[in-house]
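Asks: coordinates only, sequence not included:
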């Protein structure tokens, strides 16, 4: 499973946790966003 797939699969969980901690504009950045994952 790639990191991109993992993020897609866990998207709702990630957003729920972020919201719980006051985050509202969650973004992926760096090599993952560019599609250069290792």
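Replies: Ah, there it is. These figures come from a predicted structure and were not determined experimentally.
Asks: Could you pick out the longest helix of the chain?
Replies: Looking only at the chain and at elements set by DSSP state H, the helix with the highest residue count is helix 11-20.
Asks: Same question for that one: list its buried residues.
Replies: Of all the residues in helix 11-20, those buried under the rule 16 or more other CB atoms under 10 Å are residue 14. Any C-beta I mention is one placed from the backbone N, CA and C, and that applies to glycine too.
Asks: Just the mean pLDDT for it, thanks.
Replies: Computed over helix 11-20, the mean pLDDT rounds to 97.
Asks: quick one: the helix or strand just after it to chain centroid distance?
Replies: Sequence order places helix 31-34 as the next helix or strand after helix 11-20, per DSSP states H and E. Put simply, helix 31-34 sits 11 Å off its chain's centre (CA atoms, centre = their mean, to the nearest Å).
Asks: Over to stretch 18-37?
Replies: The gap between the average C-alpha position of stretch 18-37 and the chain average comes to 5 Å, counting by CA atoms, centre = their mean.
Asks: start to end distance for that stretch?
Replies: From its first residue to its last, stretch 18-37 covers 23 Å (CA to CA, to the nearest Å).
Asks: quick one: contacts of that stretch?
Replies: With contacts defined as CB atoms under 8 Å, 6 or more residues apart in numbering, stretch 18-37 is touched by 2, 3, 4, 7, 14, 15, 38.
Asks: The fourth one reaches residue 1, doesn't it?
Replies: Just to be clear, that refers to residue 7. No. Counting by CB atoms under 8 Å, residue 7 stays clear of residue 1, with 10.3 Å between them.
Asks: Looking at these two, which is more packed in?
Replies: Per other CB atoms under 10 Å, whichever of residue 7 and residue 1 has more neighbours is residue 7, with 13 against 7.
Asks: and the more buried one, what are its phi and psi?
Replies: phi -60, psi -40 (degrees, to the nearest 10).
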